[in-house]
Every structure is written in structure tokens, then in C-alpha cells.
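Peer 1: need a 3D model of the following:
(one chain, ligands or ions: 1)
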Amino acid sequence: MGGSEPCLLVGMVLGMEQRDYSGLSYWLETCGDDLTPRVGLDTSIAVDVAILGAGYTGLWTAYYLAQRDPSLTIAVLESEIAGYGASGRNGAWCTSGFAAGPATLTKNYGLAASRAVHLAMVDTVDEIGRVCERESIDAQFQRDGQFFAAIGKQQLPALAHIEQEYTQLGFPEFQRRLDASEAKAFLNIDGIVGALHNEATAAIHPGRLVRGLARNVEQHRNVTIYEDTPVTSVEAGARPVLRTARGDVRANVVVLAGEAYMAQLKAVGRQVLPLYSLIVMTEPLSDSQIADINWTHRAVAASQALTVDYLSRTQDGRILFGGRGAPYHWGSSIRPEYDLHAPTHQRLREAVVEWFPQLKGIAFSHAWGGCLGVPRDFMPVMRYDRASGLATARGYTGEGVAATNLSGRVLADLITGTQSDLTDLPMTKHHGRSWEPEPLRFLATRLAQVGAMRIDAKANRTGKPPTGRTLTERLISH
Ligand SMILES: Cc1cc2nc3c(=O)[nH]c(=O)nc-3n(C[C@H](O)[C@H](O)[C@H](O)COP(=O)(O)OP(=O)(O)OC[C@H]3O[C@@H](n4cnc5c(N)ncnc54)[C@H](O)[C@@H]3O)c2cc1C
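Peer 2: As a prediction, this is how the structure comes out:
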């Protein structure tokens, strides 16, 4: 079974320890790439742009920078391997959804800015499809859309709220409403009473995307990825620096693309909160099981539960069921052993059969987890500050698979001084707020996590929707 923390295979290479990264997720296990770390940095160097992190954000930024200006020398520093973080472990939703929803964006930045973000995100999903095609990255990109199910009548008001948001945005046709029988015909979920479907989402193979991108940027003459190279500190200035134990990288611009893991860097530590999200995966379903639940397409799906669930279907017919709820850890700590949380994984396995009782007895092949980066105000940041020499893109919460591509283009435009529609998006001017110091951060996060579970349980029991007025709902609303 996959999904254990990377085990240490001692003595593989001349007595040196080698981690087995394929155990981190089904996606890395089946990405078809050699996961042996690339050569690490072993001396100090100078480049034009130094990027911390070889996830989607770092790699898309390198990709578009090299495209905008092929003469730029670019170094990507990665503490483990490309795709080690959320990019190699996610739920496969390449969604046009954005961490800050339309109503929040309209309230904070106005209707025009909110519409611009929506249109940019819809185009971003297509852009990822275009790049995969152009660069022959076999990411199994399939654009069958996103399905929001109301499971029980208590979830119907949440659907109405989404519909209203898009109507106010001026795109009433974006979410297509399905009644109970139409919804069941689309995806045969037990207890489904209605749904919304929009087409602007693809299911992908996250591991193939991130590893394919890494191979692709290396083909640009001037991009080098140094793996097994943890950055220990960042220095801003006219010539900013990424410091490592084996050498420093001095650059004209430093890009911080470490998402949740940046919680561990002194300079930006309280800008993101690492929240664990966990996943279980079934063995491939038979053709008749797929037909029974009507999941013949690869639309991704979620209910309206506050605790957050997300489902997708792999190309070979497995169901991925993900959910939050694994506990936040004191001091924003991140450890390999936190990827696995037995009670949460068990709850997710049970949920698969609650959603699809026809699958009772289905075997599960994988279980894994990882952390996503949550900004204090749920608003992603895509910024370049010329004075400090630092650029960053972060804070996607659970919606970064597509948004990271937008980040790459935004940062490439900002860094190369290319004026575009993207450089005016609100994320480019946003600074973000710091999370509270401990113990407040721990107490508030745990309170919100437990509160969301209680509210969901009560709504399911009583058939009444959450009031929207509880402290928990105010803590997590965005
Ligand atoms: C379980 C899970 C499910 C998710 N599901 C979805 C989904 O279905 N759809 C969606 O849109 N989003 C989803 N997300 C979120 C999405 O995966 C992320 O937003 C996205 O991958 C972020 O990419 P990134 O490159 O910014 O960060 P990451 O992929 O986390 O990459 C950051 C990289 O930086 C490296 N790094 C960090 N610190 C250092 C350092 N000091 N030195 C060197 N390297 C460093 C890390 O090792 C890592 O490789 C999910 C996240 C998780 C964890």
C-alpha cells in the first residue's frame, strides 16, 4: 500500500540514505518519473532569479520567466524533490475556483476586479490544458467540470448562495442548476437533492503535471533545479540571497514559492498557516460499478459540508476522496508523520461508502496527506516588491492547482516589467495579514475545526442548514 511517510532505504547509494518518495502519494507513485533527487547545490552561485520551491508555483514561474526572457539565468532550490509538497499530493481538481470567492473579492476590490479574477481563472484552466498539449506533458487533463452536490435538503441554501454569487458577478449561466433527478443522473450520490455543475474545471494527474513541468523547465538552457537543497534563510536587498547549508544563491530577484512550508521560514512564517488535508483512494472500480454510480466522466465533486470534502476520479477508474479535519499542530509545525491521521483516514473511507452504498466492500489502495497554506484573510498573494528584491505567490488554501499557473504568469510579468491585464489583478497589490501568535492561533484553528464538524453533524441530524452566525462559520467564511 502506498501512502506511508517516505521510508528510508538505507544503503542504496554508497551507504547514503535515500528516501522513497513514491510512497508519498498515488500521484508520485504513478508519475512515471525517476524520483531520485537531482544534484543539490554544493557551492555559492549568482543568478538572475532564484526560486525557493519546486512545486507548481516555483515551476510555473520558472517556465513563464524563461519564455518571457530566455536570457535569464534561473535557479530553483527545493528541499526534497520537485512535487514533494501539495503539488504532488493534491485532489486533482484543476479548478477555476479561487480561494477568495466572488462575493469577498467584490466587497474588498469592487465588481470589475472580481470579474477579472473569475475570467483569469477560467482562462487559467484552459492555459494549463494548452501547455500540456504544446509541451507534451501527459497530465491526463480532462475538462469535465465541477459538480457541487447538495446531500440532504440542509445543503440546498449553500447551493443557492453560490448561484447568487455568480449571478451578482454577472455570470448567471456559469453554474448550471440540476434538480434531484438530474443530479443523480450525473453522479449517483446517496441522498443527493440537487447540484450545480460548471464546466471550467479539469481533472488532472497532479504528479505527472508537476514532474513533467520540472523536466520541461530543465530543457530551457538557463533553468537549473537543485533538489535536496533546503533554504535555511532569506535575505532581502538590492541583491537578495537564498542561504543553504552548502552555499548561497545571490540573485536580482528571489521568488518565495514554498506555500505551507513557508510557515517554517522566519521572514514570512506567520503569513500562512499549514493545514493538513487527507486523502484515501480506492482500487479501480469495475465498469459496472462506474456505471452504477454514473461516474463515467471525470468531473470532480464536492458536497456543501463545512468540513470540506473533495472527490475526483482517476483515469483508471479509482475514486479519490479527500477531506480536511486532521488536526492543526502547535506552532504551525509540519512533520512527515502528520501526513497520516488514522481517525481522519477511517472517516474518509466510510464516507466513500456513505456517498456510494453500491460500493460497500470496495478495497482502498492508498491513503496519504499533505499540508496546504492558508492565509489569515483567505486571499492569495502574487506580489513582486522591487525594493526588497522579493517576489512571492502563496495562500491558495485548497485551490491552488490552477491558481499557481496564474501566479507563474503574474510573477513573470511583474519581474520582467511586462504590463498586462494580469499585473492589475488584486492579488498583485495585496499584502496579507499575519496569523496571530500562539497560543491564539492554535486555539482558534482547533476551535474552527471541531466547530465545523459539530455544525455538519447537527445539520445532518436536524435537516436544518447552518445558521451562518456561529463563531466557527465567521472564522472560516471567505
Ligand atoms: C491533500 C491536498 C489536496 C489538495 N487538493 C487540491 C485540489 O484538488 N485542487 C486544488 O486546486 N488545490 C488542491 N490543493 C492545494 C494545491 O495542491 C496547492 O495549492 C498547490 O499545489 C500549491 O503549489 P505550490 O507550488 O505553491 O506549493 P507546494 O506544492 O507545497 O510546493 C512548495 C515546495 O517548496 C518546497 N520548500 C518549502 N520550503 C522550502 C525551503 N525552505 N527550501 C527549499 N524548498 C522548500 C517544498 O518542499 C515544496 O516542494 C490540495 C493540497 C493538499 C495538501
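Peer 1: going forward, measure contacts between C-alpha atoms and count neighbours the same way
Peer 2: Noted.
Peer 1: quick one: the helices in this structure?
Peer 2: With helices called from DSSP state H, the chain shows them at 26-29, 56-68, 102-109, 111-134, 156-169, 180-186, 206-219, 287-292, 342-355, 403-416, 440-462, 471-476.
Peer 1: make a markdown table out of those and add distance to the ligand and mean neighbour count.
Peer 2: What follows is the helices of the chain, written out as a markdown table (distance: least, Cα to the nearest ligand atom, whole Å; neighbours: other Cα atoms under 10 Å):
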| stretch | distance to the ligand | mean neighbour count |
| --- | --- | --- |
| helix 26-29 | 11 | 24 |
| helix 56-68 | 4 | 26 |
| helix 102-109 | 16 | 17 |
| helix 111-134 | 10 | 18 |
| helix 156-169 | 18 | 17 |
| helix 180-186 | 20 | 17 |
| helix 206-219 | 8 | 22 |
| helix 287-292 | 21 | 14 |
| helix 342-355 | 12 | 17 |
| helix 403-416 | 6 | 24 |
| helix 440-462 | 16 | 16 |
| helix 471-476 | 17 | 16 |
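Peer 1: how about those helices in TSV, adding distance to residue 40?
Peer 2: Shown next, in TSV, are these (distance: least, Cα to Cα, whole Å):
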stretch	distance to residue 40
helix 26-29	20
helix 56-68	17
helix 102-109	41
helix 111-134	27
helix 156-169	46
helix 180-186	48
helix 206-219	14
helix 287-292	44
helix 342-355	34
helix 403-416	23
helix 440-462	35
helix 471-476	40
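Peer 1: and the ones you listed as TSV, adding mean pLDDT?
Peer 2: TSV is the format used below for the helices of the chain (pLDDT from 0 to 100):
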stretch	mean pLDDT
helix 26-29	98
helix 56-68	97
helix 102-109	96
helix 111-134	98
helix 156-169	96
helix 180-186	98
helix 206-219	97
helix 287-292	97
helix 342-355	97
helix 403-416	98
helix 440-462	87
helix 471-476	71
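Peer 1: residue 94 is nearest to which of the ones you listed?
Peer 2: Nearest to residue 94, of all those, is helix 111-134, at 6.5 Å by Cα to Cα.
Peer 1: show me what the closest one is packed against.
Peer 2: Applying 3 or more Cα pairs under 8 Å, 6 or more residues apart in numbering; DSSP states H and E, one finds that helix 111-134 makes contact with helix 102-109, helix 156-169, helix 403-416.
Peer 1: please state the offset of it from the chain centre?
Peer 2: Chain-centre distance of helix 111-134: 16 Å, with Cα atoms, centre = their mean, to the nearest Å.
Peer 1: who's in contact with it?
Peer 2: 94-98, 102-103, 105-106, 137-139, 141, 169-170, 200-202, 209, 402-403, 405-406, 422, 425-426 (Cα atoms under 8 Å, 6 or more residues apart in numbering).
Peer 1: if I look at the residue nearest to residue 322 when sequence neighbours are not counted, how far off is residue 25?
Peer 2: Spatial nearest neighbour of residue 322, chain neighbours left out: residue 279 (4.1 Å); criterion: Cα to Cα, 6 or more residues apart in numbering. Noted for residue 279: a distance of 9 Å to residue 25, by Cα to Cα, to the nearest Å.
Peer 1: next, the contact list for the nearest residue to residue 238 once chain neighbours are set aside, please.
Peer 2: In this structure, residue 238 finds its nearest non-sequential neighbour in residue 389, 6.1 Å apart by Cα to Cα, 6+ apart. Taking Cα under 8 Å, 6+ apart as the contact definition, residue 389 lies against 236-240, 252-254.
Peer 1: so what pairs up with residue 302 in the strands?
Peer 2: Here residue 302 sits in beta bridges with residue 148, as judged by DSSP bridges.
Peer 1: that one is in contact with residue 147, isn't it?
Peer 2: Yes: using Cα atoms under 8 Å, residue 302 makes contact with residue 147 at a distance of 6.5 Å.
Peer 1: in terms of neighbours, single out the busier of those two.
Peer 2: residue 147 (24 against 20; other Cα atoms under 10 Å).
Peer 1: against the ligand, how distant is that one?
Peer 2: Computed as Cα to the nearest ligand atom, to the nearest Å, the residue 147 to the ligand distance reads 13 Å.
Peer 1: quick one: contacts for residue 292?
Peer 2: Shown in contact with residue 292 (Cα under 8 Å, 6+ apart): 188, 358.
Peer 1: what about it, distance to residue 400?
Peer 2: 32 Å.
Peer 1: cool, and residue 345?
Peer 2: Noted for residue 345: a distance of 22 Å to residue 400, by Cα to Cα.
Peer 1: so what's residue 251 up against?
Peer 2: Going by Cα under 8 Å, 6+ apart, residue 251 touches 46-50, 239-241.
Peer 1: if you set the cut-off to 6 Å instead, what comes out?
Peer 2: Under the criterion of Cα atoms under 6 Å, 6 or more residues apart in numbering, the neighbours of residue 251 are 46-50, 239-240.
Peer 1: any chance of those in a markdown table, plus neighbour count and pLDDT?
Peer 2: Converted to a markdown table, the contacts of residue 251 look like this (neighbours: other Cα atoms under 10 Å; pLDDT from 0 to 100):
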| residue | neighbour count | pLDDT |
| --- | --- | --- |
| 46 | 16 | 98 |
| 47 | 17 | 98 |
| 48 | 17 | 98 |
| 49 | 25 | 98 |
| 50 | 28 | 98 |
| 239 | 17 | 97 |
| 240 | 21 | 98 |
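Peer 1: just the strands in the stretch 251-400 of the chain please.
Peer 2: Per DSSP state E, counting those that start in this stretch, the stretch 251-400 of the chain carries strands over the ranges 253-256, 272-282, 300-302, 309-313, 319-323, 364-375, 381-385, 390-394.
Peer 1: the fifth one packs against which elements?
Peer 2: Pointing back at strand 319-323 there. For strand 319-323, the contact count by 3 or more Cα pairs under 6 Å, 6 or more residues apart in numbering; DSSP states H and E identifies strand 272-282, strand 309-313 as packing neighbours.
Peer 1: got the contact list for residue 86?
Peer 2: Counting by Cα under 6 Å, 6+ apart, residue 86 has contacts residue 370.
Peer 1: change it to 7 Å
Peer 2: 370-372 (Cα atoms under 7 Å, 6 or more residues apart in numbering).
Peer 1: residue 162 too?
Peer 2: With contact set as Cα under 7 Å, 6+ apart, residue 162 has no partners.
Peer 1: picking up where we left off before, ok, the contacts of residue 251 vs the ligand, which is closest?
Peer 2: residue 50 (11.0 Å; Cα to the nearest ligand atom).
Peer 1: any idea how far the closest one lies from residue 429?
Peer 2: 22 Å.
Peer 1: one more: residue 223?
Peer 2: For residue 223 relative to residue 429 (Cα to Cα), the value is 28 Å.
Peer 1: which one's more surrounded, those two?
Peer 2: Set residue 223 next to residue 429 and count neighbours by other Cα under 10 Å: residue 223 wins out with 25 against 14.
Peer 1: do you know which of the strands of the stretch 251-400 of the chain lies nearest residue 231?
Peer 2: That would be, of the strands of the stretch 251-400 of the chain and by Cα to Cα, strand 253-256, which comes in at 10.3 Å.
Peer 1: which neighbours does the closest one have in its sheet, and in what orientation?
Peer 2: Assessed with DSSP bridges, strand 253-256 is paired to strand 49-52 (parallel), strand 390-394 (parallel).
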